[in-house]
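Q: Got a predicted model here, sequence first, then my questions.
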There are 8 protein chains.
Amino acid sequence: MDEREAARRLGNLHFEDIGHTRIDHDRASRQGFPEVVFGAGKTRRQIVEVFERLAARSPNVLVTRTDADTFGEVRNVCNEAEWHESARMIRVWRDREAHGAGVVVVVTAGTSDIPVAEEAALTAEALGSRVERVWDAGVAGIHRIVAERERLRRARVVVVAAGMEGALPSVVGGLVAVPVVAVPTSVGYGASFGGVAALLGMLNSCSSNVSVVNIDNGFGAGFVAGLISRTHEVSGEELNR
Amino acid sequence: MDEREAARRLGNLHFEDIGHTRIDHDRASRQGFPEVVFGAGKTRRQIVEVFERLAARSPNVLVTRTDADTFGEVRNVCNEAEWHESARMIRVWRDREAHGAGVVVVVTAGTSDIPVAEEAALTAEALGSRVERVWDAGVAGIHRIVAERERLRRARVVVVAAGMEGALPSVVGGLVAVPVVAVPTSVGYGASFGGVAALLGMLNSCSSNVSVVNIDNGFGAGFVAGLISRTHEVSGEELNR
Amino acid sequence: MDEREAARRLGNLHFEDIGHTRIDHDRASRQGFPEVVFGAGKTRRQIVEVFERLAARSPNVLVTRTDADTFGEVRNVCNEAEWHESARMIRVWRDREAHGAGVVVVVTAGTSDIPVAEEAALTAEALGSRVERVWDAGVAGIHRIVAERERLRRARVVVVAAGMEGALPSVVGGLVAVPVVAVPTSVGYGASFGGVAALLGMLNSCSSNVSVVNIDNGFGAGFVAGLISRTHEVSGEELNR
Amino acid sequence: MDEREAARRLGNLHFEDIGHTRIDHDRASRQGFPEVVFGAGKTRRQIVEVFERLAARSPNVLVTRTDADTFGEVRNVCNEAEWHESARMIRVWRDREAHGAGVVVVVTAGTSDIPVAEEAALTAEALGSRVERVWDAGVAGIHRIVAERERLRRARVVVVAAGMEGALPSVVGGLVAVPVVAVPTSVGYGASFGGVAALLGMLNSCSSNVSVVNIDNGFGAGFVAGLISRTHEVSGEELNR
Amino acid sequence: MDEREAARRLGNLHFEDIGHTRIDHDRASRQGFPEVVFGAGKTRRQIVEVFERLAARSPNVLVTRTDADTFGEVRNVCNEAEWHESARMIRVWRDREAHGAGVVVVVTAGTSDIPVAEEAALTAEALGSRVERVWDAGVAGIHRIVAERERLRRARVVVVAAGMEGALPSVVGGLVAVPVVAVPTSVGYGASFGGVAALLGMLNSCSSNVSVVNIDNGFGAGFVAGLISRTHEVSGEELNR
Amino acid sequence: MDEREAARRLGNLHFEDIGHTRIDHDRASRQGFPEVVFGAGKTRRQIVEVFERLAARSPNVLVTRTDADTFGEVRNVCNEAEWHESARMIRVWRDREAHGAGVVVVVTAGTSDIPVAEEAALTAEALGSRVERVWDAGVAGIHRIVAERERLRRARVVVVAAGMEGALPSVVGGLVAVPVVAVPTSVGYGASFGGVAALLGMLNSCSSNVSVVNIDNGFGAGFVAGLISRTHEVSGEELNR
Amino acid sequence: MDEREAARRLGNLHFEDIGHTRIDHDRASRQGFPEVVFGAGKTRRQIVEVFERLAARSPNVLVTRTDADTFGEVRNVCNEAEWHESARMIRVWRDREAHGAGVVVVVTAGTSDIPVAEEAALTAEALGSRVERVWDAGVAGIHRIVAERERLRRARVVVVAAGMEGALPSVVGGLVAVPVVAVPTSVGYGASFGGVAALLGMLNSCSSNVSVVNIDNGFGAGFVAGLISRTHEVSGEELNR
Amino acid sequence: MDEREAARRLGNLHFEDIGHTRIDHDRASRQGFPEVVFGAGKTRRQIVEVFERLAARSPNVLVTRTDADTFGEVRNVCNEAEWHESARMIRVWRDREAHGAGVVVVVTAGTSDIPVAEEAALTAEALGSRVERVWDAGVAGIHRIVAERERLRRARVVVVAAGMEGALPSVVGGLVAVPVVAVPTSVGYGASFGGVAALLGMLNSCSSNVSVVNIDNGFGAGFVAGLISRTHEVSGEELNR
């Protein structure tokens, strides 16, 4: 690896430093998506400053784990921003062209898992996926998910959000031949330990096609699913340009 | 509560003290079963001494968590003793009369869970239950358990042994209207943490008819199931005499 | 398993999809009880919508982990609904016929465990059990539970709610010959870890007739106890029809 | 959902019951791969019995977590079986046709992670992926992974195996625009807690394209990667037929 | 053990059942102290009802983990009650006779540990101990505890309250030849895990004379210390009458 | 604190440095007992070297957590040494004068807890206590401990060793008015987590007179009990000279 | 060690006892810094009392984990006090002379880690270090930290604050030849467990020059870094006078 | 950051790829030390291959966590290699020039901690530090460490190895004005959890100058200490060249 090569390798890596944040505008090309603003732990002003710069360059922008008041300020600088209450997410969705073949099916075990699943669905849509939603199909009434086999059959990838024992991804995993992205939710009480029981259940899934993201990380699940779906039509080399 | 009453209450509680162990011969009448010898942590000689006293009074005796060599010595003092290799259990099963209505169905999620399930089945049989076994019906191929719905329909109680994510009890719980006794097994690796993942999955089951025993505690699951099944035909008062 | 058989097996499994929830009206026949509404994590409107549909079909309905304001709205659509403050439960109890032989005895270790125990008692009653309550009989004053031996003797099943070290189920388990359903409570502080100490104590009970439900899961304990008690007079096959 | 529909939905779900195991021959069509034999916890005879039936139908078969002696017996019934010592895996790889576009790149952080990574690589190959291996490119010498950017750029999906702090998937995730499947290894000591530190690191990755499988679960990582890569050229509907 | 004997053994065990609570008036004679009211998890009305009955019979009464408003109501029924803000404790201390030889020395590692230590001191005093307090003598300035060696030398028992790493009991244990009762406090942050770090430190103390009570359990520490100190002058038999 | 005072305070603190170990000969006067050799993690030669020096000065010496081979070498240098197989302890017990009033009663819940309890008993004896042993009196047969109330009544302090749920100290604590030193044992399986369940049970005991030592720390329990018992007849000041 | 020597060793150890706190004025000379006031768990009045005494003697004083209202009162007694909102810290910085050679570089992985990093930076400055700040240079965009290699090259020691997976210290550790002090932050959610994931990642760092302080302990990280930097120009003997 | 700059930044980063390992020969210049071979998890042949290449370029080489048989093979290729049994370490120490001012003092709490401490001492020596060893100075006999104050006073940095409660670093931290590197050891039993108790104790140290490395990571502690000590005489810029 000589100097020239090293230069080439790092040459297209830029960022904009605005003090509290180093904005990674290249990420859109590197990962096919603008840097999402993770809202938790940031001040409202920091969020707005970063958002504004991102929205000036990228058609689609997401702010996760935020609140309605922040949305109010964001709306002031970008009137295309939408507020999604249950997912606690701000989304600018200007580029709605579909990039993926097949469908991303997003499933929840219960009604209380919907906010996390919605975060996943909104994210995958922003990545260019067609998304279908199946709510409240948990394993205590196994016929509820079996009834969706046709829809699952069309999926290029399935996202499953479940709390409590987190068993649904294993069942879904056995019904499809595509990757299942499991997202444990903090729904539950007592020995659910804020989602740990569901997380462990998913990590130990007896279905081999299941991989897992962090507790309540609907965004991550939607992002991975979007990449799996979208990259359906392009080669890896193009994606990683 | 005067003195006479207090006396009556404790009057039928005896035990035999042989130094290292206080044998509770009344337990057979109190709980409908002789005190089982928990083999782990006892010397071979202690096990044989206790066994001998129990077998002299009770038709059915169990020794759990023991080994073939101990069985050899036990066989010397009681030639009706049987050795069950996979369950690592010694059983004397002289009273084979059925005490329960309905059937105890014992199910495993995988092949590796059989030893724990067999311990449960052998125990329930010794309590007078009719037992049916269903092996390897885990949720990754959901049709494997659905195929057993007729058998499950005949159950008075179902024991489900599962490791890894421990999801099967939730599915079975949704298919029957009787109690499900779930026993997590230590089958798994990594984040299964020796059965903890399965245990948590079962404790957080979204099926309301599931209760749980300790990891690998096939004996306990079989014992509870036997009590549920057996007491089917008698009143509580009779049972607790 | 041919197609006809598979059809028969799943044929009686229906549900009503109202968007956020798939209501499982068959569960009443499958499990002998309408689907209970687990209130936590649902919006008030979701709870009322589901409740209304269930109350239109089932004589008995339960809403757990809810609050007085939700009760207010539920009362508007069903004036037979009762509010149980300490258990934080809404109950419609129109069918009060007893379905079980024997008695469900519900015991607490301390005064602070009463809310969880009350949830169990209310649930078992709704399932058709006769329930007797014994409050504050913890092991630090062992005579308090010994004084109840006569009552325990009448039990078909015992529910024991205990926090802190969770020792009471082991003692009760040794006094009766019927199943004990142990429910750990989050009562305690420091190394009780929100009920984990009690949970572990119960899972490791040296009494073989103890099985366990999740921390603070009074509903689950009452449900399992109701099933054990009720199914006393009917065969498994009838129950699982 | 009428009976006919229900039948259709479950009609193509068969299995072969050989007592200890219910072999799921349809899984090959459902998931594009024969049921893999998870060797841990099974007796040698059970493994061979299952293997023989699978190898009679499927061109490619895997046995994971097994040993050389078992391989000896497997070789007796199928002389095409290969033994992979470091991965502790038996593989029959008769169908070597490539099914995926792009490349699966498998990366390790250290030398000690190679066995887990090799398990992933062998699995992905058996699924029809082209695999490239990059060993010992951990973050303590960041130039080691940067030097592989060209190779990473060609990837359709990247598998990263890392123990200790498990930081490499985050770095790789930032360098590519495709999914990263992270597999924590139990390499480490002390507060690595047998891979838990790496697992947590990966679950909390600040790179949004990372999903995770169980500790040391090279097989699962390879399986998911194979599905992502392979399904590159076909629609979800075809895959889930 | 005949009936007469059994009766004698349980004959002096009474309690008063007031519905939510079974008050154990004999405990004063059995344990040398009235049953303390553990305030957490009880309603204000329950506390006052129990308090009133206890205060009618016992000279000294304690209510722990309560608040100023409850004190207001307690004061209405017993104007001898004192409120101790930092310990959050109500105390009636009418019998101030000293029952112990030697002194109970109560030590804290830091200023923030004082509330827990004060609870211990107030309890031991109510048991009849002479108490001396040493605040803020943690190990980061080892001379602060060394400076108290004379005082420690007079102790019959030492109570040490410490949070964070909980190291002080080990140091104190090495300076005295009497029992040390260690009480971990929840003082700390991050990896102190609410007192777990201090608890583990104390359980693993390299000083052999240290025993431990629950996190923040100042009451328990004071109670044990009081028993050790008080029983100084009487035989065990007298104490256990 | 002037220099003279500081000198006086540290002046009587000596030790002998033999390279790998700093032997604390003053500890006998400071704590009423020679420094015990904790055998685990030391080489056989280190143990013998320390032992020899201690035995030359102190009448009573203990070596804990050691093995029969080490005993062989210790016996070579001191033929008064005894080997206690179940406790895995070497003891030199030359000074057998009783130093305490009252009795130390050592109780176990089960047969498997005897080794730990025996370690406690041997230690308390070496400290000058009279010891009485009660084996196998666990809570599943509550009459077994109730039968010992007379003996417990004579106790100056009670040591209780229990594994599994660790419930016995709470029951014993309610039966006596003296301190109870609880020692959890690693007896159990599954969710006993090597004694953690018992440890938590004891820390959360609802009996206020219970304090706890480390898992399997029979030595520590016996040491604390010996100090409580022995110091019965002397003032704290004398003890701490 | 004779008396004179012992006296000399402890002779310069003084403290001022103001009841709730023993103020260690010598610590300034012993550790080169006044005793910092750890604000959490102290009353406002206690903080002010201690602060006032410290500020009378030491040029530089820090109060950590406090709030703006406390600052108000502190400002009343010392108008040189500054309030640092994000770090929640009060600082009196009268002696601004630089004591160290080289620079302390403080780095954060994300924007949300700034408060903890700022606490470290403010502390190191008060110890006499020159500090440079680098914010938001996490590993998901590896070029952001690579871009700072020149600045890192000037560092005598680097402090790295990171939450989530805590991977940045490993990367930085590989880029420099000086000590890295890693401080995990509680930034994250789900399986970050309040900073535990980051803590474990740092403890298991594959870079050998990393040591770790408690979660969110910016103060400790800055203190250690200050000591490493400052002692650059003086011998250990001088430092430890 | 233009290309030229990027090139310069990465231009001096090379490694040698030998298949299973990427050897980082630049690390000697980057971190002042050759890449150490972490022996655990590597085959003997891998270790020897890497060792040989390192020893050909660097005067000092370390192999950690290895065994005597591996040493035998290493000795075959480099007869200057030394075997350190207690630390389980191979060392080539050809460059013995001192690089640091002041002394690295390495302290243990007990005899069983010596192997870990020895690993630290051997490492620091190889980095050019003068090392002094103090064994068995734990806090149960506080005079043992106080007696070493003179030696501690000469230290530029102190390494403290301790198991069990891990309290010694806090005490040492209060006695010196230099950094303390704490290394928890797995010495202990029961609730020491293999060193976790000691680790938590050290992370929560009330002495502000303590930072921590992984359990049993003597090498890491020695490495950090060596860097702190060595860089004593040079500027950061020189160090990071």
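A: Sure, I can see it.
Q: tell me the SS of whichever residue of chain A sits closest to chain F?
A: In chain A, the residue that lies nearest chain F is A:Ala191 (10.7 Å; C-beta to the nearest C-beta). In this view, the C-beta of every residue, glycine as well, is placed from N, C-alpha and C. Classification of A:Ala191 by DSSP: H, G, I helix; E, B strand; the rest coil places it in helix.
Q: Check the offset of the strand or helix carrying A:Val224 from the chain's centre.
A: Secondary structure from DSSP states H and E places A:Val224 in helix A:218-230. Offset of helix A:218-230 from its chain centre (C-alpha atoms, centre = their mean, to the nearest Å): 5 Å.
Q: Contacts only, for the residue of chain A closest to chain F.
A: Shown in contact with A:Ala191 (C-beta atoms under 8 Å, 6 or more residues apart in numbering or on different chains): A:Ala197, B:Leu200, B:Leu203, B:Asn204, C:Gly195, C:Val196, C:Leu199, C:Asn214, C:Ile215.
Q: and stretch A:171-184, how far apart are its ends?
A: Separation of the first and last residues of stretch A:171-184 by C-alpha to C-alpha, to the nearest Å is 15 Å.
Q: Helices along chain A, start to end?
A: Along chain A, counting by DSSP state H, helices occupy A:3-11, A:27-31, A:44-55, A:68-77, A:114-126, A:143-146, A:149-153, A:168-175, A:196-203, A:218-230, A:236-239.
Q: I'd like those as CSV, with mean pLDDT appended.
A: Conversion of those to CSV gives the following (pLDDT from 0 to 100):
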stretch, mean pLDDT
helix A:3-11, 48
helix A:27-31, 56
helix A:44-55, 94
helix A:68-77, 96
helix A:114-126, 97
helix A:143-146, 86
helix A:149-153, 86
helix A:168-175, 94
helix A:196-203, 98
helix A:218-230, 94
helix A:236-239, 52
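Q: Residue in chain A with the shortest distance to chain E?
A: Closest point on chain A to chain E, by C-beta to the nearest C-beta, is A:Phe193, at 13.7 Å.
Q: Spatially nearest residue to that residue, not counting backbone neighbours?
A: Nearest residue to A:Phe193 in three dimensions, chain neighbours excluded: B:Leu200, at 7.4 Å (C-beta to C-beta, 6 or more residues apart in numbering or on different chains).
Q: For the one you found, give me its contacts.
A: B:Leu200 neighbours (C-beta under 8 Å, 6+ apart): A:Glu165, A:Ala191, A:Ser192, A:Phe193, A:Val196, A:Ala197, A:Leu200, A:Gly201, B:Gly166.
Q: Any buried residues in the longest strand along chain A, and which?
A: Scanning chain A for the strand with the most residues, using DSSP state E, yields strand A:155-162. In terms of neighbour count (16 or more other C-beta atoms under 10 Å in any protein chain shown), strand A:155-162 has its buried residues at A:Ala155, A:Arg156, A:Val157, A:Val158, A:Val159, A:Val160, A:Ala161, A:Ala162.
Q: OK, contacts around A:Phe219?
A: A:Phe219 neighbours (C-beta under 8 Å, 6+ apart): A:Val36, A:Leu62, A:Thr64, A:Met89, A:Glu119, A:Ala120, A:Thr123, D:Ser208.
Q: export those to a markdown table and tack on distance to chain G?
A: Shown next, in a markdown table, are the contacts of A:Phe219 (distance: C-beta to the nearest C-beta, whole Å):
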| residue | distance to chain G |
| --- | --- |
| A:Val36 | 11 |
| A:Leu62 | 15 |
| A:Thr64 | 10 |
| A:Met89 | 14 |
| A:Glu119 | 12 |
| A:Ala120 | 14 |
| A:Thr123 | 16 |
| D:Ser208 | 8 |
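Q: Residue numbers of chain A in contact with chain G?
A: A:10, A:13-15, A:19-22, A:24, A:27, A:38, A:40-42, A:46, A:65, A:184, A:186, A:194-196, A:199, A:214-217 (C-beta under 8 Å from any C-beta of the partner chain).
Q: now, which of the residues you listed lie close to chain B?
A: Answer for those near chain B (C-beta under 8 Å from any C-beta): A:Val196.
Q: Write a PyMOL command that selects only the buried members of the residues of chain A next to chain G.
A: For the buried members of the residues of chain A next to chain G, the matching PyMOL selection, counting by 16+ other C-beta under 10 Å, is:
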select buried, chain A and resi 10+13+14+15+20+21+22+24+27+38+41+42+46+65+184+186+194+195+196+199+214+215+216+217
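Q: tally of neighbours for A:Glu52?
A: Close neighbours of A:Glu52, defined as other C-beta atoms under 10 Å in any protein chain shown, add up to 14.
Q: just to revisit the earlier point, farthest pair within the contacts of A:Phe219?
A: Between any two of those, the greatest separation by C-beta to C-beta is 13.9 Å, found for A:Met89 and D:Ser208.
Q: Spell out which parts of chain A neighbour chain B.
A: Counting by C-beta under 8 Å from any C-beta, the residues of chain A near chain B are A:109-110, A:138-142, A:146, A:164-167, A:170-171, A:173-175, A:188, A:190-193, A:196-198, A:200-207.
Q: Could you identify the buried members of those?
A: Buried by 16+ other C-beta under 10 Å: A:109-110, A:138-142, A:146, A:164-167, A:170-171, A:173-175, A:188, A:190-193, A:196-198, A:200-207, out of those.
Q: Around the closest residue to A:Glu97 other than its chain neighbours, how many other residues sit close by?
A: Distance criterion C-beta to C-beta, 6+ apart; nearest residue to A:Glu97, sequence neighbours excluded, is A:Gly128 at 6.2 Å. Using other C-beta under 10 Å, the number of residues around A:Gly128 comes to 18.
Q: now swap in A:Arg57 and tell me
A: Using other C-beta under 10 Å, A:Arg57 has 12 neighbouring residues.
Q: How confident was the prediction at it?
A: Here, the pLDDT recorded for A:Arg57 equals 84.
Q: Over to it: give its phi and psi.
A: Per-residue torsions, A:Arg57: phi -120, psi -30 (degrees, to the nearest 10).
Q: For it, give its distance to chain G.
A: A:Arg57 sits 16 Å away from chain G when distances are taken as C-beta to the nearest C-beta, to the nearest Å.
Q: G:Gly141 versus that residue, what's the distance?
A: Distance, A:Arg57 to G:Gly141, by C-beta to C-beta, to the nearest Å: 16 Å.
Q: from chain A, which residue is nearest to chain B?
A: Residue nearest to chain B within chain A: A:Ala167 (3.3 Å; C-beta to the nearest C-beta).
Q: any idea of the pLDDT on the closest residue to that residue other than its chain neighbours?
A: In this structure, A:Ala167 finds its nearest non-sequential neighbour in B:Ala167, 3.3 Å apart by C-beta to C-beta, 6+ apart. The per-residue pLDDT reported for B:Ala167 equals 96.
Q: Might one say that B:Ala167 is in contact with A:Val172?
A: No. The criterion here is C-beta atoms under 8 Å, and B:Ala167 misses it with A:Val172 at 11.3 Å.
Q: TSV for the buried residues of strand A:155-162, including distance to F:Ala225 and pLDDT?
A: Below are the buried residues of strand A:155-162 laid out as TSV (distance: C-beta to C-beta, whole Å; pLDDT from 0 to 100):
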residue	distance to F:Ala225	pLDDT
A:Ala155	66	92
A:Arg156	68	91
A:Val157	63	95
A:Val158	61	98
A:Val159	59	98
A:Val160	55	98
A:Ala161	54	98
A:Ala162	51	98
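Q: At the contact with chain C, which residues of chain A appear?
A: Contacts of chain A with chain C, taken as C-beta under 8 Å from any C-beta, map to A:110-112, A:114, A:135-137, A:141-144, A:146-147, A:163, A:187, A:189-192.
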